[in-house]
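Participant: Give me coordinates for this.
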Amino acid sequence: MKKRNNILIPLGAAMLLCGAALAVQSCGIEPTTYSNSMERQYLEAWLSVNYPGVSAFDKGIYILEEEKGNGNAYNQEPYPLISLTTCDLEGTIASTTDENIAKRLGTYRISTYYGPTFWDNSDNKLLAGVRSALQGMKVGGRRKVLIPSWLLVYDEYDTAEDYFEKSSSQNSYGIYDITLEGFVSSSSDMITYQENSISDYARESYGATPVQKDTAGFFIIKPSTAALGRTFPSDTTLSVNYTGRLLNGIVFDTTIEKVAKDSGIYSSSKSYSPVSITWGEKYSKLQMGTSQSAATPVVGFQLLLWQLTDYDSITGLFISDLGYGNSGTGSSIPAFAPLVFEIEMVK
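Facilitator: As a prediction, the model looks like this:
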């Protein structure tokens, strides 16, 4: 992410500062020191005009505004749940998880996920300035912080001055308006959190209790017809329609044209028709598409296909470990998102 007139280039909604996708390049010591020194002078001059009296916090961020939370204190737990809006020093918004802000900006898309997002801070995977911004917050609290570019790195140093002198980043400094909505303390707790969310969704949306099948974190809504279980030889080719969605109802993929149009994801370049599924001797060998364009679906989708019986339909729900994991994908699927797929086999 390079500096462009001090405006933050928008962050991907699926990353929100918590993935490995932000590239950091190293520079020589002298150019780094010079660049950081010039930036510090500019930021201190801006602060003296706009926030006189504010002082550096922790590793060297500046807390511009703060609303104290009343919940549990955050102590670098691995999975904070965050709402975020970023902007440059002139107030131009670069990215947001707030649907209302997106609508006011005219950037709202029905297929984009808006709302609190889990960040992955396991093994200190968050940028140093972001970790610093969260330090000491309580659930329900909000901080508006200015993070210099030398803190938008994954490096670990002992002091604020070490960061200033030793680190360099192509990420632009900017203002991060962060609300701590909650946090999950371990990987096992994250699985439990997602499984509970799946159970609540299934009861509310389908009036049924999901049935766990085959592996932890994978559930189905049991069809009313036919017994579950594979009935196809390994050389079988099936045709299926499917729709994938988040627990909040956002549709991120479908083979059905009307569903795509209704969900704001229709593309005239895509052919909306049943897709071919090439069977295998076990679920991990299932392939989707023709031999020229075969793709391997996410594990949860493969497990769901494995439950199909002759000309059946089925709904599956599964945790992010069986989907898109701790990074999500695109603007529709955030990190640590459980997924729902409805599959119907067609003749």
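
Participant: all helices of this structure, in order?
Facilitator: Residue ranges of the helices in the chain, as given by DSSP state H, are 29-50, 99-105, 128-134, 160-166, 187-206, 257-262, 299-305.

Participant: Turn the ones you listed into TSV, including distance to Gln76 and mean pLDDT.
Facilitator: (Each C-beta comes from the backbone N, C-alpha and C, glycine too.) Shown next, in TSV, are the helices of the chain (distance: least, C-beta to C-beta, whole Å; pLDDT from 0 to 100):
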stretch	distance to Gln76	mean pLDDT
helix 29-50	25	79
helix 99-105	28	97
helix 128-134	7	96
helix 160-166	17	94
helix 187-206	15	96
helix 257-262	42	96
helix 299-305	30	93
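
Participant: JSON lines please, covering those helices and showing mean neighbour count.
Facilitator: Shown next, in JSON lines, are the helices of the chain (neighbours: other C-beta atoms under 10 Å):
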{"stretch": "helix 29-50", "mean neighbour count": "13"}
{"stretch": "helix 99-105", "mean neighbour count": "13"}
{"stretch": "helix 128-134", "mean neighbour count": "25"}
{"stretch": "helix 160-166", "mean neighbour count": "17"}
{"stretch": "helix 187-206", "mean neighbour count": "16"}
{"stretch": "helix 257-262", "mean neighbour count": "14"}
{"stretch": "helix 299-305", "mean neighbour count": "24"}
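
Participant: I'd like those helices as a markdown table, with distance to Ala56 appended.
Facilitator: Formatted as a markdown table, the helices of the chain follow (distance: least, C-beta to C-beta, whole Å):
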| stretch | distance to Ala56 |
| --- | --- |
| helix 29-50 | 10 |
| helix 99-105 | 28 |
| helix 128-134 | 10 |
| helix 160-166 | 7 |
| helix 187-206 | 33 |
| helix 257-262 | 50 |
| helix 299-305 | 45 |
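
Participant: do you know which of those helices lies nearest Trp279?
Facilitator: helix 299-305 (8.6 Å; C-beta to C-beta).

Participant: Low-confidence stretches in the stretch 1-150 of the chain?
Facilitator: Within the stretch 1-150 of the chain, the stretches with pLDDT under 70 are 1-34.

Participant: Could I get the contacting residues of the residue lying closest to Val298 once chain neighbours are set aside?
Facilitator: Closest residue to Val298 apart from its sequence neighbours, by C-beta to C-beta, 6 or more residues apart in numbering: Gly323 at 5.1 Å. Applying C-beta atoms under 8 Å, 6 or more residues apart in numbering, we find Gly323 in contact with Val298, Val299, Gly300, Ile333, Ala337, Pro338, Leu339.

Participant: Which members of those residues are positioned in strands?
Facilitator: Leu339 (DSSP state E).

Participant: tell me the contacts of the residue of the chain most remote from its centre?
Facilitator: Relative to the centre of the chain, and counting by C-alpha atoms, centre = their mean, the farthest-placed residue is Pro233 at 37.7 Å. The contact partners of Pro233, taken as C-beta under 8 Å, 6+ apart, are Trp279.

Participant: And for Ser199?
Facilitator: Ser199 sits next to Thr209, Pro210, Phe219 when contact means C-beta under 8 Å, 6+ apart.

Participant: now Arg203
Facilitator: Arg203 sits next to Thr209 when contact means C-beta under 8 Å, 6+ apart.

Participant: Correct me if wrong: Ser95 contacts Ile101.
Facilitator: No: counting by C-beta atoms under 8 Å, Ser95 does not reach Ile101; the two are 9.8 Å apart.

Participant: how many neighbours does the residue nearest to Phe57 when sequence neighbours are not counted have?
Facilitator: The spatial neighbour of Phe57 that comes closest, neighbours along the chain excluded (C-beta to C-beta, 6+ apart), is Ile63 at 5.2 Å. A count of nearby residues for Ile63, using other C-beta atoms under 10 Å, gives 18.

Participant: go on, Gly91?
Facilitator: If we define neighbours as other C-beta under 10 Å, then Gly91 has 7 of them.

Participant: One more: Asn248?
Facilitator: 10.

Participant: Likewise for Leu127?
Facilitator: For Leu127, the number of neighbouring residues by other C-beta under 10 Å comes to 23.

Participant: hang on, it packs against Asp155?
Facilitator: No: using C-beta under 8 Å, Leu127 is not in contact with Asp155; the gap is 9.6 Å.

Participant: Against Glu342, how distant is the residue nearest to Thr215 when sequence neighbours are not counted?
Facilitator: Nearest non-adjacent residue to Thr215, counting by C-beta to C-beta, 6+ apart: Leu303, 6.7 Å away. Using C-beta to C-beta, to the nearest Å, we find Leu303 at a distance of 14 Å from Glu342.

Participant: Please report how far the residue nearest to Phe57 lies from Ser263.
Facilitator: 40 Å.

Participant: Same check on Glu161?
Facilitator: According to C-beta to C-beta, Glu161 stands 51 Å off from Ser263.
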